[in-house]
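S.K.: missing the sequence, but the structure's below:
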């Protein structure tokens, strides 16, 4: 059964929304100097090296392969490395080459809708309640209001339809990754995060080198964007998402995706001089309303009845 999220988990959720919201802008900047798979490989490799240095400095070991629980943990880390890092990073980096970042933001808001049936079937206590379903739909409506229907209009590029499917596929990957994280046996969270990124780096680095070759040193801006992607939305976010998914549940964690488009718009206005859309505050009200509604019944201590 999931615990009530509490103030700490809400703060972590907010911070995750901020750093992931900025990641769309960072990917766009990184694409000016790196191909898509290389961006995914570099951010995972940087994140893995960062976390390995942290756990070494703290005297924390990676999970052991000598016990049955340890082997299960490494299997979960492999699944997390694939579904939470390697595959979605690649899909989004490639997808943003052909579709607008607004569409990618809408796709991230679909993650909770994928989590609902998966958690209902696989995670004890994570029922697809009527209240939770309504709250997710309200939040998703807020994202659609924010982005607008123009995000779904074709830009006429050759691979746009396939790129849109890639963005939706990334959302499904994140949903699967959050379920795997929740079901993993108890283990040190930094150790698990480092193992997951290590697995992701082991998958992506040779794949990127084979497909795209050794990248040339780009301009400072794309390089700084990749470093940001590796340190914050990958390394630090990996630790935070493990903590939140394990303590508050994948359904609660998935609601971070409602914040991501909001922060994307804010960063665009503050750093790129973009104009804030007039529907921002109405969208924000819907998004936050959906978040609060999804947790309100549990906060009151009222019983939660699953849909059958």
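M.R.: Sure, I can see it. For clarity, every value in this text was computed on a predicted model and none was experimentally measured. Numbering: from 1, shown residues only.
S.K.: doesn't residue 230 make contact with residue 19?
M.R.: No - at 11.9 Å, residue 19 and residue 230 do not qualify as touching, with contact defined as C-beta atoms under 8 Å. Using the backbone N, CA and C atoms, a C-beta is placed for each residue, glycine as well.
S.K.: I'd like to know how many residues surround residue 64.
M.R.: When neighbours are counted by other C-beta atoms under 10 Å, residue 64 registers 13.
S.K.: ditto for residue 193
M.R.: Residues lying near residue 193 (other C-beta under 10 Å) number 27.
S.K.: one more: residue 130?
M.R.: Applying other C-beta under 10 Å, we find 12 other residues in the vicinity of residue 130.
S.K.: do residue 117 as well
M.R.: Neighbourhood size, residue 117 [other C-beta under 10 Å]: 11.
S.K.: how about the secondary structure of the closest residue to residue 61 other than its chain neighbours?
M.R.: In this structure, residue 61 finds its nearest non-sequential neighbour in residue 191, 6.7 Å apart by C-beta to C-beta, 6 or more residues apart in numbering. Classification of residue 191 into helix, strand or coil gives helix, according to DSSP: H, G, I helix; E, B strand; the rest coil.
S.K.: more neighbours: residue 19 and residue 230, which one.
M.R.: Applying other C-beta under 10 Å to residue 19 and residue 230 shows that residue 230 carries more neighbours, namely 23 against 20.
S.K.: give the contact list for the more buried one.
M.R.: The neighbourhood of residue 230, defined by C-beta atoms under 8 Å, 6 or more residues apart in numbering, consists of 42, 43, 44, 45, 46, 47, 50.
S.K.: of these, which belong to helices?
M.R.: Using DSSP state H to define helices, the subset of those located there is 42, 43, 44, 45, 46, 47, 50.
S.K.: tabulate those (a markdown table), appending pLDDT and distance to residue 259.
M.R.: What follows is the ones in helices among the contacts of residue 230, written out as a markdown table (pLDDT from 0 to 100; distance: C-beta to C-beta, whole Å):
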| residue | pLDDT | distance to residue 259 |
| --- | --- | --- |
| 42 | 95 | 26 |
| 43 | 94 | 20 |
| 44 | 95 | 23 |
| 45 | 95 | 27 |
| 46 | 95 | 24 |
| 47 | 94 | 21 |
| 50 | 93 | 24 |
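S.K.: so where do the helices sit in the stretch 151-300 of the chain?
M.R.: Counting by DSSP state H, counting those that start in this stretch, residue ranges of the helices within the stretch 151-300 of the chain are 160-183, 189-212, 220-229, 237-248, 250-254, 260-272, 280-300.
S.K.: and these, which one averages the lowest pLDDT?
M.R.: The weakest mean pLDDT among these belongs to helix 280-300, with a mean of 65.
S.K.: got the contact list for residue 138?
M.R.: With contact taken as C-beta under 8 Å, 6+ apart, residue 138 is in contact with 286, 289, 290, 293.
S.K.: name the nearest residue to the first one, ignoring sequence neighbours.
M.R.: When you say that, I think you mean residue 286. Once flanking residues are discounted, residue 286 sits nearest to residue 142: 2.9 Å by C-beta to C-beta, 6+ apart.
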